[in-house]
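K.L.:
Please work out how this folds:
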Amino acid sequence: MLILGLYRRRSSSIFIKIPIAAAYVLPYSLVSYILGLMQSSSYEDELFVVWAFCLVHVLGTADSVSALTIQDSNNWKNYDIQLFLPYFWFGYLWGTYKGSTFQHATLVLWIFSILTTGFRITSLQWSSESDGLKKRTKVVADYMNYEDNFRNGGEIDPIHMRGYCYLVTGEDKQNGKAEPPEYFIQVKLTDEVITTDKIWRCGGTLLNSEQDKLKDICLSFALSKLLCRRFFNHELAESNMQKTRDLVFRGLLLENDDPERAFRVIEVELAFTYDFFYTKYPLIFERSHVPKLLSLLIAFPLIWLAVLLIKHFRNINGDITLIQKHGKNYDALFTCFIVIMILLFEILQTIVYFVSDWAKVSYVCNYISKPSWHGNMLVEKIIRVVGGVNIFKHWQNKINQYSLLTSFEYNPKRNFYSKIFDSLIDKRRKGQQEGRTITLSDAVKKAVLHSLRINNGQLSNGLLSLQRNEVISELSWACKLETHTHSILVWHIATTLCQVTRSRSLGFYDHIAILGRNKDICDVYCEVAISLSNYCAYLVVFAPQFLPDHSYATDVIFDEVIMEARKLLAGSNSLSLIYQRMMNMREPANTLVEKGALLGQQLIRQIEDERKRWKVLSDYWAEMMLFIAPSDNVTAHLEKMAEGGEFVTHLWALLTHAGILKRGDQYIV
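P.N.:
Residues are numbered from 1 along each chain as shown. Have a look, this model is predicted:
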């Protein structure tokens with residue numbers, strides 16, 4: 001949990017997910033069982049009470065992860081009960097060894113452990129649907145109904161955040177009352193309430209840069225509070241306002257479609273959102289003094305216990321030991337080592353928090369509220385240095401890939417081990433062979449943002465891009481199929497055929513033919529189209545819950561397409577042979593495989609200019625990526641945040657802050 005827990009939202013690997021799940025679930029039963037064995041043991045050892053403390057303490061305070069799934073937060077009472085038994089056994093065991101060498105030290109540490117474990121339980125309660133976060137998002141949701149009133153008719157400037165009084169901190173310190181007629185909970189913008197507008201207007205030299213990353217971290221924190229409303233079905237009152245749209249189009253996107261800042265703000269925002277639901281950082285942030293003080297104070301009784309263990313190591317006193325030599329109790333030495341590891345762990349957790357994004361928000365807000373800090377070179381230098389520390393990435397920055405034409409013959413293995421893992425991970429189906437994961441390039445990000453800007457936020461399933469490229473009359477039929485899953489698979493097959501054509505023309509027979517060459521604009525279009533085509537196909541096959549169609553309908557369509565491909569392309573043992581057979585298919589095209597072949601033939605034969613062909617495909621997939629992003633299935637996004645994250649979630653959050661919540665009237669047919 002200590003090591004892998006740090007990578008949980010940064011990796012989708014099962015080698016991280018399964019051990020974390022095991023480390024979260026199994027210890028409750030194991031620790032209770034071990035403590036029971038100590039109590040019923042036929043011999044006595046003073047170290048039992050120390051071992052018991054180590055087990056109970058690590059069980060309750062192992063790391064910052066407080067919940068494994070969303071349901072864990074809602075079942076926080078069950079977690080409370082699960083922890084009661086180990087603490088009860090420890091108290092019973094401690095009473096048995098009353099008068100031992102370690103009696104007083106372990107009693108003090110037991111009290112500390114109960115307090116820190118209580119914070120973990122409270123953090124679960126805070127993120128539950130019945131308490132905590134639900135109530136805090138209600139305050140934010142109500143505030144956004146009258147937030148625009150605080151600008152008093154002033155200028156709206158998304159670059160300098162003028163007129164954007166989004167809440168950062170302080171609203172929880174007010175006991176706002178619900179007032180008629182709407183009964184909104186009222187938040188008053190006192191000095192203790194920090195907003196984005198205040199941060200950008202701050203006169204201190206620490207925040208004098210317009211694109212300062214510390215400012216952007218605070219903006220991400222404010223946006224995460226707005227995003228959390230979607231998980232509790234609150235109305236997004238600002239979604240229809242022009243300034244909401246301007247925040248993205250005139251603020252985050254700037255004029256050159258630079259993806260760096262826009263995606264950095266969204267990445268940090270989603271990291272905060274993940275922490276709200278899965279870690280105890282929000283509780284540490286809200287009650288910063290008590291948890292951090294406990295982490296510091298617990299060092300003293302741990303050192304005390306370590307000293308006692310060293311003394312015990314030098315003198316056996318007739319105890320029964322597992323390992324002893326030359327009159328030395330090596331059981332005590334090994335136990336001392338474990339206690340020191342716990343001490344170092346507590347120090348490490350404190351350091352990680354002090355350089356975390358949560359701490360950076362706290363530093364900036366304290367800087368805003370304390371004018372005496374403005375111009376203080378030492379304070380500003382410390383905050384600036386800490387603000388520049390980034391220990392971990394905010395997410396994996398990778399997208400999964402799937403290619404239907406290279407995977408349709410895949411048959412998952414069925415053996416003893418696969419049956420065991422089928423109960424732990426999703427069962428694989430025919431043709432469901434996941435491709436390699438690739439790094440999400442800036443070219444892909446830039447293409448998607450360019451599509452968003454050039455369409456002025458209007459969502460289209462590809463028709464607008466075809467219209468811009470003057471090929472709508474020839475290719476529009478492929479955007480008007482029965483479902484969106486139909487369109488994605490047909491265009492995916494066609495893109496793969498174009499990819500093979502390009503590889504053959506360059507003399508290569510794989511999909512990375514452009515490696516080893518300086519990329520021209522055609523190479524960039526090719527990279528964008530292939531990456532997004534394979535990613536959308538991956539969503540169809542492995543994550544249909546993110547698509548507009550019903551997820552079960554998408555599964556049914558995919559299974560049938562695999563059967564069609566196996567029938568039509570039987571005996572094709574290479575991609576080159578598959579390409580030849582598909583290029584020779586003729587109308588009528590009844591199956592999706594045949595329609596994909598027909599579209600591929602049109603693209604290759606009717607658009608002879610390769611650069612234009614790949615621009616058509618690049619623009620189409622960038623537009624389709626934005627089209628599928630809006631979703632009301634917020635639970636799917638939240639669950640994926642704990643498994644490395646998805647690119648579609650970043651676009652979903654970006655569109656949310658632009659006020660684009662649904663396709664609705666924006667859907668072009």
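
K.L.:
how about the strands in this protein?
P.N.:
167-169, 178-179, 184-185, 194-195, 324-325, 328-329, 398-399, 438-439 (DSSP state E).

K.L.:
Now the weakest link among the ones you listed, please, by mean pLDDT.
P.N.:
Mean pLDDT values for the strands of the chain show the minimum at strand 324-325, a mean of 60.

K.L.:
so where is the stretch 201-350 of the chain shaky, pLDDT-wise?
P.N.:
Low-confidence segments of the stretch 201-350 of the chain (pLDDT under 70): 209-211, 255-258, 288, 314-327.

K.L.:
need the helices for it, in chain order.
P.N.:
With helices called from DSSP state H, counting those that start in this stretch, the stretch 201-350 of the chain shows them at 213-231, 242-246, 259-278, 281-286, 289-297, 299-314, 330-354.

K.L.:
could you give the angle of the fifth one to helix 330-354?
P.N.:
What separates the directions of helix 289-297 and helix 330-354 is an angle of 140 degrees, with axes from the mean of the first three to the mean of the last three CA atoms, to 10 degrees.

K.L.:
Name the surrounding residues that touch helix 289-297.
P.N.:
Phe112, Leu115, Thr116, Phe119, Lys280, Leu283, Ile284, Glu346, Ile347, Gln349, Thr350, Tyr353 (CB atoms under 8 Å, 6 or more residues apart in numbering). Backbone N, C-alpha and C define where each C-beta goes, glycine included.

K.L.:
which residues touch the closest residue to Pro19 other than its chain neighbours?
P.N.:
Excluding the flanking residues, the one nearest Pro19 by CB to CB, 6 or more residues apart in numbering is Leu4, at 5.7 Å. For Leu4, the contact set (CB under 8 Å, 6+ apart) comprises Ile16, Pro19, Ile20, Ala23.

K.L.:
before we move on, what about Lys134?
P.N.:
Ser128, Phe232.

K.L.:
Can you give the domain ranges for the protein?
P.N.:
Taking automatic domain parsing as the domain assignment, the record places the domains of the chain at 4-128+298-342, 133-284, 404-622.

K.L.:
Mind putting these into CSV with distance to Ala636?
P.N.:
Below are the domains of the chain laid out as CSV (distance: least, CB to CB, whole Å):
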stretch, distance to Ala636
domain 4-128+298-342, 11
domain 133-284, 11
domain 404-622, 4
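
K.L.:
So which of these is nearest Asp632?
P.N.:
Distance to Asp632, taken as CB to CB, is lowest for domain 133-284 among those, at 8.4 Å.

K.L.:
Start and end of the closest one, how far apart?
P.N.:
Using CA to CA, to the nearest Å, one end of domain 133-284 lies 14 Å from the other.

K.L.:
related to what we said a few turns ago, any idea which of the domains of the chain has the lowest pLDDT on average?
P.N.:
Here the lowest mean pLDDT among those goes to domain 4-128+298-342, at a mean of 81.

K.L.:
In JSON lines: the helices of the stretch 201-350 of the chain, plus distance to Phe558 and mean neighbour count.
P.N.:
Output for those, formatted as JSON lines (distance: least, CB to CB, whole Å; neighbours: other CB atoms under 10 Å):
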{"stretch": "helix 213-231", "distance to Phe558": "28", "mean neighbour count": "22"}
{"stretch": "helix 242-246", "distance to Phe558": "36", "mean neighbour count": "18"}
{"stretch": "helix 259-278", "distance to Phe558": "28", "mean neighbour count": "22"}
{"stretch": "helix 281-286", "distance to Phe558": "39", "mean neighbour count": "21"}
{"stretch": "helix 289-297", "distance to Phe558": "47", "mean neighbour count": "15"}
{"stretch": "helix 299-314", "distance to Phe558": "55", "mean neighbour count": "17"}
{"stretch": "helix 330-354", "distance to Phe558": "42", "mean neighbour count": "17"}
